[in-house]
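[1] Here you go, sequence then predicted model.
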Amino acid sequence: MKKFLFLALVFFIGFSNCFAQSHADDALVHIVPEPVSVKAAQGYFQLNHTTSIVFGDEQLKGVAGMMSHLLDEPTGYHLRVKKSSDTHEKNSIVLILNKTPLSEIGDEGYTLSVSPERIVIAANKPHGIFYGMQSLLQLLPPDIESKTAVDEVKWEVPSVHILDYPRFGWRGLMLDVSRHFFTVKEVEEYINEMAKYKFNVFHWHLTDDEGWRIQINGLPKLTDVGAWRVKRTGRWGTFEAPQPGEKATDGGFYTQQEIKGVIAYAKKRFITILPEIDVPAHSLALIAAYPNLSSTQMPYPVWPQSPPRSVDNVLDVANDSTWIILDKIFTQVAELFPCPYIHVGGDEANRSFWMKDSADVRLMRREGITTPAGLQSYFEKKLEKIIVSKGKKMIGWDEIVEGGIAPEATVMSWRGMQGGIEAARAGHNVIMTPWGDAYLDLYQGDPLAEPPTYGKLLLKTAYTWDPVPDSVDPKLILGGQGNLWSESVPNFRHAEYMTWPRAMALSEVFWSPKDKRNWDDFLTREQAQFKYLKTAQIKYAHSQYDAIITGVKGTNDSMEVKLATQMPGLDIYYRFDETNPDNFSPKYEGTPLVIPQGASEIKVRCYLNGKPVGDQINCPLSEVAKRIEKE
């Protein structure tokens, strides 16, 4: 085996140096996220029905079996999988663990070498083999994502040598299953899609005001009552309140057995599941089940949308029952989830209810607490002791920094980066997920062409931000995460649409070297990925092709229309005359447009290489006036 490793190393070096990089071959390498090093060579490996998958270590049996399944479905082949020490066999895909670890690549890195004779994926740990497999799948034709056998496809892999490892150890996506419930099958599909782009943490937001989604033995009302609300359809925030006597039929929850199954599914894909139980606020579903846990102790239903401020959705800090139930909940959560962390929320607490509660006020006096934020800090520190007693570490949203952070807590910074900066300066670990750079529920294009939501996060914005501020120790930034809150995501197909391709951009932010990030190059590789998503029947957004419409001040304080795009190479065509633009319409040349007298709307359409792309945007000039750029 050592002899083979030496020969493999010599082969890798020779592979890197002996072949000139070919633009034709390099164009076939469109991996996302961008690897650390890619060196294209000449020739192809031809996958056929006699190809075998060879693994040299029992630890790789699971990955080898998964690879066989992923290759067998679209090719119709039934590739032989075998454990063998003969890892230089021709016409084979060889999976090997390095006997002498390659320090540069760490636990999750890999080398992938493709030649006409064989494919070799080598890594220090099985994680790396799995990520090497994901890169290999992206080197095959897009039909590799087909769920059924595809005829007349040349299953060729371009010769290449890749050295790759991640920049960050935390590369997460969050899915909110409280605001809208997603089935076990849908959650597993989301996890599977994450794995393709080398994410390794699935943050499962299991509880919130609008639904409790996890079975807790001994607390049946959590799922009998807290998991259900009245049915409403339409735009979030416009729904009618629950009516007297109206049955709560919308919702669902996961049994502990189902959760164990999802954990096992994720583990096979080297994804850790971070559970979130959001307290002390966002706890209306918990309070609806057990009304004695709030300061008001009022009986509330679970709301079909964010409850009004008059509804007490915050746990009572001074109530002993609160702590008895929280201990029972977190005991079972800790037992269920192997993840070393538990997320406890901690965001957006309406602390005014505490200030009206005599028991909470007495607690503050006794403990010398002078502010509502200080009382929440007391809550978080007491909760952290419970979490630590279960053998876990606590994560919270950046509000837990206010009033004094719990001693060992990790902060997830969402209200920008400042909360994370403060936590890091205090010596705490941080995961960066600022809403303006990483919230996947925001508009990704012009609101006139998108399903309704709020804010805006363009693909380019997601790609160009960086999780490490200049002013902190980079070692304290564990990584980053994209978050998909589901208020405006009522079904799984829309969850996919909101996630992809922006999560591809984030995957590259979290995995690839900072100095290798290149927007134009990413766009080339990202657009190549669309073929894979389409074959896999994953819904994705085309919003990057849409025009960006704003207003600017013209001469004599008049308004003019400015058009732009996220992507280079797009041609923008427009009309003011109420007709639909095409590539025979006036073309935008970069100079703001003077509005013709009598016009009330501009219609815009983008073209790429002479073909229409994205959506036509019909923008009233009254809307343009709201978008006038500040000087």
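    Yep, that arrived.

[2] Now do the helix or strand hosting residue 160: everything it contacts.
    Assessed by DSSP states H and E, residue 160 sits inside strand 156-164. For strand 156-164, contacts defined as CB atoms under 8 Å, 6 or more residues apart in numbering pick out 12, 15-16, 19, 25, 28-29, 31, 35-47, 104-105, 109-116, 119, 131-132, 135-136, 139-141. C-beta here means a position set from N, CA and C on the backbone, and glycine is covered the same way.

[3] What pairs with it, parallel or antiparallel?
    strand 37-46 (antiparallel), strand 110-114 (antiparallel) (DSSP bridges).

[4] which of the ones you listed is buried the deepest?
    Comparing the strands paired with strand 156-164 by mean neighbour count (mean count of other CB atoms under 10 Å), strand 110-114 ranks first with a mean of 26.

[5] And for that strand, what's in contact with it?
    If you take CB under 8 Å, 6+ apart as the criterion, strand 110-114 is touched by 8, 11-12, 15, 41, 45, 102, 105, 119-123, 128-129, 131-132, 135-136, 139, 157-165.

[6] Pull out the buried members of those residues.
    8, 11-12, 15, 41, 45, 102, 105, 119-123, 128-129, 131-132, 135-136, 139, 157-165 (16 or more other CB atoms under 10 Å).

[7] Strands along the stretch 201-350 of the chain, start to end?
    Along the stretch 201-350 of the chain, counting by DSSP state E, counting those that start in this stretch, strands occupy 201-205, 207-208, 211-212, 228-229, 250-251, 272-279, 341-345.

[8] and of those, who's closest to residue 96?
    strand 272-279 (24.7 Å; CB to CB).

[9] ok now that closest one, how far from the chain's centre?
    15 Å (CA atoms, centre = their mean, to the nearest Å).

[10] Put the alpha carbons of that strand into PDB.
    The C-alpha coordinates for strand 272-279 follow below in PDB (Å, rounded to 0.1, in the frame of the first residue of the first chain):
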ATOM      1  CA  THR A 272     -24.400  17.300  10.900                       C
ATOM      2  CA  ILE A 273     -27.900  18.400  12.000                       C
ATOM      3  CA  LEU A 274     -28.000  21.400  14.300                       C
ATOM      4  CA  PRO A 275     -31.400  21.400  16.200                       C
ATOM      5  CA  GLU A 276     -32.900  24.700  17.200                       C
ATOM      6  CA  ILE A 277     -35.500  25.100  20.000                       C
ATOM      7  CA  ASP A 278     -36.200  28.900  19.900                       C
ATOM      8  CA  VAL A 279     -36.500  30.400  23.400                       C
END
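
[11] Might you list the low-confidence residue ranges for the stretch 351-500 of the chain?
    Judged by pLDDT under 70, the stretch 351-500 of the chain has no weakly predicted residues.

[12] Now distance to residue 627 too, for the strands of the stretch 201-350 of the chain, in JSON lines please.
    Shown next, in JSON lines, are the strands of the stretch 201-350 of the chain (distance: least, CB to CB, whole Å):
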{"stretch": "strand 201-205", "distance to residue 627": "32"}
{"stretch": "strand 207-208", "distance to residue 627": "33"}
{"stretch": "strand 211-212", "distance to residue 627": "36"}
{"stretch": "strand 228-229", "distance to residue 627": "36"}
{"stretch": "strand 250-251", "distance to residue 627": "36"}
{"stretch": "strand 272-279", "distance to residue 627": "35"}
{"stretch": "strand 341-345", "distance to residue 627": "35"}
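
[13] okay, and the helix or strand of the protein with the least pLDDT?
    helix 2-18 (a mean of 40; mean pLDDT, DSSP states H and E).

[14] Pull out the buried residues from stretch 376-389.
    Quick answer for stretch 376-389 (16+ other CB under 10 Å): 376-381, 383-384, 386-387.

[15] and if you look at stretch 477-492?
    Neighbour counts using 16+ other CB under 10 Å place 477-490, 492 of stretch 477-492 among the buried residues.

[16] Which ones among those map onto helices?
    Of the positions in these, residue 492 sit in helices, assigned by DSSP state H.

[17] Among the buried residues of stretch 477-492, which one lies nearest to residue 517?
    Using CB to CB, the buried residues of stretch 477-492 come closest to residue 517 at residue 480, 13.4 Å.

[18] Tell me how far residue 371 lies from residue 347.
    17 Å (CB to CB, to the nearest Å).

[19] Distance from stretch 492-509 to the middle of the chain?
    Using CA atoms, centre = their mean, the offset of stretch 492-509 from its chain centre is 7 Å.

[20] typo on my end, it should be stretch 220-233
    With CA atoms, centre = their mean, you get 27 Å for stretch 220-233.

[21] Now do that stretch: everything it contacts.
    Residues contacting stretch 220-233 (CB under 8 Å, 6+ apart): 210-216, 239-240, 242-243, 246-253, 285-286, 288-290, 301-305, 490.

[22] Just to be sure, which of these are found in helices?
    Reading helices off these with DSSP H, I get 285-286, 288-289.

[23] right, and the helix or strand after the strand holding residue 160?
    strand 170-176.

[24] Check which helices and strands that next one is in contact with.
    Contacts defined by 3 or more CB pairs under 8 Å, 6 or more residues apart in numbering; DSSP states H and E place strand 170-176 against helix 184-196, strand 201-205, strand 477-484, helix 502-511.

[25] Out of those, flag the one nearest residue 538.
    Across these, closest to residue 538 is helix 184-196 (CB to CB), at 6.2 Å.

[26] Touching that closest one from outside, list them.
    Against helix 184-196 from outside (CB under 8 Å, 6+ apart): 130, 134, 137, 173, 175, 177, 182, 202, 204, 254, 258, 261-262, 265-266, 269-271, 492, 495-496, 499-500, 503, 538.

[27] So which bits of that helix are buried?
    186-196.

[28] TSV for those, including pLDDT and distance to residue 367?
    What follows is these, written out as TSV (pLDDT from 0 to 100; distance: CB to CB, whole Å):
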residue	pLDDT	distance to residue 367
186	98	44
187	98	41
188	98	45
189	98	47
190	98	42
191	98	42
192	98	47
193	98	47
194	98	42
195	98	46
196	98	49
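
[29] ok, so of the residues you listed, who is nearest residue 362?
    Using CB to CB, these come closest to residue 362 at residue 187, 43.3 Å.

[30] what number of residues lie near residue 569?
    If you count neighbours by other CB atoms under 10 Å, residue 569 ends up with 11.

[31] For residue 412, which non-adjacent residue is spatially closest?
    residue 431 (4.8 Å; CB to CB, 6 or more residues apart in numbering).

[32] Isn't residue 47 up against residue 155?
    Yes. Using CB atoms under 8 Å, residue 47 is in contact with residue 155, at 3.8 Å.

[33] Overlap of the contact sets of those two?
    With CB under 8 Å, 6+ apart as the test, residue 47 and residue 155 both reach 75, 140.

[34] shaky segments in this protein?
    Using pLDDT under 70, the flagged stretches of the chain are 1-27, 631.

[35] now residue 73, what's its secondary structure?
    What DSSP: H, G, I helix; E, B strand; the rest coil gives for residue 73 is helix.

[36] At the geometric centre of this protein, which residue do we find?
    In the chain, the residue lying closest to the centroid (CA atoms, centre = their mean) is residue 173, at 2.8 Å.

[37] any idea how far residue 497 is from that residue?
    Taking CB to CB, one finds residue 173 at 14 Å from residue 497.

[38] can you check residue 479 too?
    Counting by CB to CB, the gap from residue 479 to residue 497 is 25 Å.

[39] And the helices in the stretch 251-400 of the chain, which stretches?
    Remark: helices assigned in the stretch 251-400 of the chain by DSSP state H, counting those that start in this stretch are 256-268, 284-289, 320-336, 352-355, 358-367, 372-389.

[40] Of those helices, flag the one that's most buried.
    With neighbours taken as mean count of other CB under 10 Å, the helices of the stretch 251-400 of the chain reach their highest mean count in helix 284-289, at a mean of 27.
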